[in-house]
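Asker: Here you go, sequence then predicted model.
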Amino acid sequence: MPAAETALRRVEGWLFAPGDPRRLAAVRIGLCGLLAIRLASGPYAELATQPPALFRPISFLRLLDRMPSPEAVAALQALALAAAVLATVGLLTRVTLPLAWLAALPLVAMTSSLGKVVHNDVLLLLCLVPLLPSRAGAAWSLDARQRPVAARGPLFGWPVRTAMVVVAGAYFLSGLAKLLHAGPAWVAGGNLRWVLYAASDSQPQPNPFALFVADRPVLAHLVAAATLAVELGFPLVLWRPRLAWLFVPAALAMHAGIGLAMHLDYRVMAATVLVVLVDWPALADRFGPVPVEERP
Amino acid sequence: MRDQPAAAPTPAGPDDQHVPAPRWARWFVAAYLAVFVVCGVAGLEAWPLTGWRLFADARQARQPGFQAVTVDQAGHETPIPFRDLPIGYHGDVQVLKGFAGLPPDRQAAVCQAWAEAVRDRGGEVAEVRIYQTVTDVSRRVGDRGAPPARTLRFTCRPGSADAGG
């Protein structure tokens, strides 16, 4: 068997290995909860009043010549939010989860129709995709109260692992784009210093975090190298899950640093990483209350 | 953060450990990951699929840009405070970058929208001017960058016939 085919079989074996329904449930609760928070707090109503001349639509919103009307946005937001909340608690999950995703899609697209893709929400939407046709409501849900408790099985592993591949892929591809478009100059040149100076200058007050790094060329090179290393190395967590203890905090630190220095909000992206890559049931088993029958 | 069997015994119930994942799931995952990777590697934007170009370009110290200002009757210029306007106005960088390529009526409509937003905040607007700028961020004046070199590119008088260009 050729090496490529062997590797593909191994990847397939890993992706479709049996999984814990509680892990899938934890990812459902976390991602749908995040989506509900975004839908409740997003600026969609304000965007709906944007003058048509400033509309720079993305993707399917190009079918429109302006932002959707405030009435349509309000109806869609109410529908998406209700469906996201129901999917979080796991009521009629096979219907409410896809409904929440579909109804949220045009709303989130509105935030990227100002001329620039907002990647903050994109990872959340992409990680929800493998959950759409899955049995994500088989555990830790209101749906599950009606039926026998689901056991570990092949139906519950692939949605979580596909979402893990998407998270790892997002960081890797971000690093790859830097290499393809900027090359070594992204680290070796003054790139990060100039980015941080420009970010500080665009803020009402000079930003001490941005200036601290930008004023120190060696530190700027180190931060740039570390950023690229974290992004390109992130897929290692799929091969060695323990490395998540290194890469997940590093990615969170990276987003926190961008937030402090550039005032760019990547909280949803960071939270998505946590939801997908942490094995919440294993943590619950380790630190949760000991069942009565196991107490000494 | 591991993807391992749960530490606790699996709850009682139907055990389908040895049933393979359904064929449709394999096709679904293969197709989804394929388009995800293709968009990422090729830099395609098929939102919500994306090319993941986050700060991907290497910035230079000399950075080209644009600045939009309003001008009152006395001729005083005030930069349009885009960050303080509603979020629908926050795409100013991209709108300004593509302004030269817009048809005249669309340029006029953009100026009109900005002027109305400034007037709604109590500002006086006789003209909107758009400057092309070159900022050398390596030239520092204290904690701030030195002012950019500016070249006037467009002037529009919102509400009048010669609004464009």
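Answerer: Perfect, I can see it now.
Asker: And for residue 53, nearest residue in space, chain neighbours not counted?
Answerer: Went with chain A since none was named. Excluding the flanking residues, the one nearest A:Ala53 by CB to CB, 6 or more residues apart in numbering or on different chains is B:Ala109, at 3.5 Å. For every residue, glycine as well, the C-beta is placed using N, CA and C.
Asker: looking at chain B here, not the other one
Answerer: A:Ala177 is the one closest to B:Arg53 (CB to CB, 6+ apart), at 4.9 Å.
Asker: got a list of what that neighbour touches?
Answerer: A:Ala177 makes contact with B:40, B:43, B:51-54, B:56, according to CB atoms under 8 Å, 6 or more residues apart in numbering or on different chains.
Asker: can you give me the strands for chain B?
Answerer: When assigned using DSSP state E, the strands of chain B occupy the ranges B:62-71, B:77-79, B:127-136, B:140-141, B:144-145, B:149-156.
Asker: Please identify which of the ones you listed is closest to chain A.
Answerer: Minimum separation from chain A across the strands of chain B (CB to the nearest CB) falls at strand B:144-145, 4.4 Å.
Asker: hang on, the residue nearest to A:Ala53 packs against A:Arg66?
Answerer: No: shown here, B:Ala109 and A:Arg66 do not form a contact pair, counting by CB atoms under 8 Å, at 11.1 Å.
Asker: So the two - more neighbours on which side?
Answerer: Ranked by neighbour count (other CB atoms under 10 Å in any protein chain shown), B:Ala109 and A:Arg66 place B:Ala109 first, with 20 against 15.
Asker: Sort out for me which of the contacts of A:Ala177 are in helices.
Answerer: B:Gly40 (DSSP state H).
Asker: Next up, the contacts around the nearest residue to A:Met262 once chain neighbours are set aside.
Answerer: Nearest non-adjacent residue to A:Met262, counting by CB to CB, 6+ apart: A:Ala199, 4.2 Å away. Applying CB under 8 Å, 6+ apart, we find A:Ala199 in contact with A:207, A:210, A:261-263.
Asker: ok, now with 7 Å
Answerer: Counting by CB atoms under 7 Å, 6 or more residues apart in numbering or on different chains, A:Ala199 touches A:207, A:210, A:261-262.
Asker: now, which of these sits nearest A:Pro130?
Answerer: Nearest to A:Pro130 among the contacts of A:Ala199: A:Met262, at 31.0 Å, using CB to CB.
Asker: quick one: pLDDT of B:Ala21?
Answerer: With respect to pLDDT, B:Ala21 scores 86.
Asker: how far away is the residue nearest to the spatial centre of chain B from chain A?
Answerer: Centroid-nearest residue in chain B, with CA atoms, centre = their mean: B:Gly91, separated by 5.1 Å. When distance is defined by CB to the nearest CB, to the nearest Å, B:Gly91 is 3 Å away from chain A.
Asker: Burial check on the closest residue to that residue other than its chain neighbours, number of neighbours?
Answerer: The shortest distance from B:Gly91 to any non-neighbouring residue, by CB to CB, 6+ apart, is to A:Leu114 (3.2 Å). For A:Leu114, the count of nearby residues is 25 (other CB under 10 Å).
Asker: Likewise for B:Pro64?
Answerer: Using other CB under 10 Å, B:Pro64 is surrounded by 11 other residues.
Asker: One more: A:Pro148?
Answerer: A:Pro148 has 11 neighbouring residues, counting by other CB under 10 Å.
Asker: ok now do the residue nearest to B:Gly91, which residues does it touch?
Answerer: A:Leu114 makes contact with A:56, B:90-91, B:94, according to CB under 7 Å, 6+ apart.
Asker: Just the buried subset of those, please.
Answerer: Buried subset of the contacts of A:Leu114 (neighbour count, 16 or more other CB atoms under 10 Å in any protein chain shown): A:56, B:90-91.
Asker: returning to that earlier point: please report how far the residue nearest to A:Ala53 lies from B:Ala115.
Answerer: Distance of B:Ala109 to B:Ala115, computed by CB to CB, to the nearest Å: 11 Å.
Asker: hmm, back to that, would you double-check that the residue nearest to A:Met262 falls in a strand?
Answerer: No: per DSSP: H, G, I helix; E, B strand; the rest coil, A:Ala199 lies outside any strand segment and is helix.
Asker: For it, give its distance to B:Gly142.
Answerer: In terms of CB to CB, A:Ala199 sits 17 Å off from B:Gly142.
Asker: And A:Trp14, by the same measure?
Answerer: From A:Trp14 over to B:Gly142 the distance is 55 Å, taken as CB to CB.
Asker: more crowded one of those two?
Answerer: A:Trp14 (15 against 6).
Asker: which SSE is the closest residue to A:Phe55 other than its chain neighbours in?
Answerer: Counting by CB to CB, 6+ apart, A:Arg66 is the residue found nearest to A:Phe55 once chain neighbours are left out, at 5.0 Å. For A:Arg66, there is no enclosing helix or strand under DSSP states H and E.
Asker: again, but for A:Met164
Answerer: Counting by DSSP H and E, A:Met164 is part of helix A:158-181.
Asker: before we move on, back to that, quick check: which of the strands of chain B has the most neighbours on average?
Answerer: A comparison of the strands of chain B by mean neighbour count, using mean count of other CB atoms under 10 Å in any protein chain shown, puts strand B:127-136 on top with a mean of 19.
Asker: No further queries at this time; thank you.
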